[in-house]
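Chemist: Show me how the following folds:
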Amino acid sequence: MDSVSVNQFRENLKHFVEQVVSQHAPLKVTRRNGESFVVISAEDWEREQETLYVLQNHSLMQQIADSTKTHAQKSGYSPNEQELDEIVGI
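Modeler: Modelled structure (predicted):
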(Lines give C-alpha, C1' and ligand atoms only; values in the text may rest on other atoms or scores of the structure.)
Protein backbone atom coordinates (compact mmCIF):
# COMPACT_ATOMS: atom_id res chain seq x y z
CA MET A 1 0.00 0.00 0.00
CA ASP A 2 1.35 3.39 -0.96
CA SER A 3 1.75 5.98 1.78
CA VAL A 4 1.78 9.78 1.62
CA SER A 5 1.81 12.61 4.12
CA VAL A 6 -1.40 14.45 4.86
CA ASN A 7 0.13 17.57 3.26
CA GLN A 8 0.90 15.71 0.02
CA PHE A 9 -2.60 14.26 0.07
CA ARG A 10 -4.20 17.68 0.57
CA GLU A 11 -2.10 19.30 -2.18
CA ASN A 12 -2.85 16.53 -4.70
CA LEU A 13 -6.29 15.44 -3.55
CA LYS A 14 -7.79 15.04 -7.02
CA HIS A 15 -4.82 12.97 -8.24
CA PHE A 16 -4.82 10.64 -5.23
CA VAL A 17 -8.58 10.14 -5.27
CA GLU A 18 -8.47 9.28 -8.97
CA GLN A 19 -5.61 6.85 -8.30
CA VAL A 20 -7.49 5.12 -5.47
CA VAL A 21 -10.67 4.79 -7.54
CA SER A 22 -9.13 3.75 -10.86
CA GLN A 23 -6.43 1.40 -9.54
CA HIS A 24 -8.51 -0.08 -6.72
CA ALA A 25 -5.53 0.40 -4.43
CA PRO A 26 -5.96 1.86 -0.94
CA LEU A 27 -3.78 4.79 0.09
CA LYS A 28 -2.36 5.28 3.57
CA VAL A 29 -2.22 8.93 4.64
CA THR A 30 0.03 9.74 7.59
CA ARG A 31 -0.44 12.77 9.82
CA ARG A 32 2.38 14.66 11.54
CA ASN A 33 1.59 13.12 14.92
CA GLY A 34 2.08 9.67 13.40
CA GLU A 35 -1.59 8.74 13.20
CA SER A 36 -2.73 7.42 9.85
CA PHE A 37 -5.91 6.82 7.93
CA VAL A 38 -6.66 4.87 4.78
CA VAL A 39 -8.49 6.12 1.69
CA ILE A 40 -10.38 3.42 -0.21
CA SER A 41 -12.96 3.61 -3.00
CA ALA A 42 -16.61 3.04 -2.15
CA GLU A 43 -16.70 0.04 -4.50
CA ASP A 44 -13.73 -1.56 -2.74
CA TRP A 45 -15.22 -0.78 0.68
CA GLU A 46 -18.49 -2.52 -0.27
CA ARG A 47 -16.57 -5.53 -1.60
CA GLU A 48 -14.58 -5.76 1.63
CA GLN A 49 -17.77 -5.56 3.70
CA GLU A 50 -19.35 -8.38 1.67
CA THR A 51 -16.21 -10.49 2.13
CA LEU A 52 -16.25 -9.91 5.88
CA TYR A 53 -19.93 -10.85 6.00
CA VAL A 54 -19.30 -14.15 4.23
CA LEU A 55 -16.24 -14.96 6.35
CA GLN A 56 -18.18 -14.29 9.55
CA ASN A 57 -21.24 -16.30 8.46
CA HIS A 58 -20.73 -19.89 9.61
CA SER A 59 -23.54 -21.25 7.41
CA LEU A 60 -22.13 -19.70 4.23
CA MET A 61 -18.60 -20.86 5.04
CA GLN A 62 -19.92 -24.40 5.57
CA GLN A 63 -21.70 -24.29 2.20
CA ILE A 64 -18.47 -23.17 0.52
CA ALA A 65 -16.49 -25.93 2.23
CA ASP A 66 -19.08 -28.55 1.24
CA SER A 67 -19.13 -27.30 -2.33
CA THR A 68 -15.34 -27.35 -2.54
CA LYS A 69 -15.28 -30.91 -1.23
CA THR A 70 -17.89 -32.22 -3.69
CA HIS A 71 -16.22 -30.38 -6.55
CA ALA A 72 -12.85 -31.98 -5.75
CA GLN A 73 -14.53 -35.39 -5.60
CA LYS A 74 -16.46 -34.63 -8.81
CA SER A 75 -19.59 -35.68 -6.94
CA GLY A 76 -21.43 -32.38 -6.91
CA TYR A 77 -24.48 -31.33 -8.87
CA SER A 78 -24.12 -31.34 -12.66
CA PRO A 79 -26.60 -29.21 -14.63
CA ASN A 80 -28.31 -30.70 -17.69
CA GLU A 81 -27.96 -29.22 -21.19
CA GLN A 82 -30.95 -26.90 -20.81
CA GLU A 83 -29.68 -25.55 -17.49
CA LEU A 84 -26.22 -25.04 -18.96
CA ASP A 85 -27.72 -23.07 -21.85
CA GLU A 86 -29.55 -20.85 -19.36
CA ILE A 87 -26.40 -20.30 -17.31
CA VAL A 88 -24.22 -19.52 -20.31
CA GLY A 89 -26.89 -17.24 -21.76
CA ILE A 90 -26.87 -14.94 -18.73
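Chemist: How is the protein partitioned into domains?
Modeler: The chain breaks down by automatic domain parsing into domains covering 2-40, 42-75.
Chemist: now the lowest-mean-pLDDT helix or strand in the chain: how far from the chain's centre is it?
Modeler: Least confident helix or strand of the chain, by mean pLDDT, DSSP states H and E, is helix 81-88 with a mean of 90. On the basis of C-alpha atoms, centre = their mean, to the nearest Å, helix 81-88 sits 28 Å off its chain's mean C-alpha point.
Chemist: and what of stretch 7-14?
Modeler: Using C-alpha atoms, centre = their mean, the offset of stretch 7-14 from its chain centre is 25 Å.
Chemist: neighbouring contacts of it?
Modeler: When contacts are defined by C-beta atoms under 8 Å, 6 or more residues apart in numbering, stretch 7-14 is touched by residues 16, 27, 29, 39. Heads up, the C-betas are built off the backbone N, CA and C, glycines and all.
Chemist: can you redo the domains of the chain as JSON lines with mean pLDDT and mean neighbour count?
Modeler: What follows is these, written out as JSON lines (pLDDT from 0 to 100; neighbours: other C-beta atoms under 10 Å):
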{"stretch": "domain 2-40", "mean pLDDT": "97", "mean neighbour count": "13"}
{"stretch": "domain 42-75", "mean pLDDT": "94", "mean neighbour count": "10"}
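Chemist: wait, which of those domains is closest to residue 89?
Modeler: Nearest of the domains of the chain to residue 89, taken as C-beta to C-beta: domain 42-75 at 22.7 Å.
Chemist: Might you specify the subset of the contacts of stretch 7-14 located within helices?
Modeler: Per DSSP state H, helices hold the following members of these: residue 16.
Chemist: Pick out the most distant pair among the contacts of stretch 7-14.
Modeler: 16 and 29 (8.2 Å).
Chemist: quick one: common contacting residues for the two?
Modeler: Joint contacts of residue 16 and residue 29 (C-beta under 8 Å, 6+ apart) are 4, 9, 39.
Chemist: can you list these in TSV and add distance to residue 69?
Modeler: Formatted as TSV, the shared contacts of residue 16 and residue 29 follow (distance: C-beta to C-beta, whole Å):
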residue	distance to residue 69
4	45
9	47
39	40
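Chemist: Thank you kindly, that will do.
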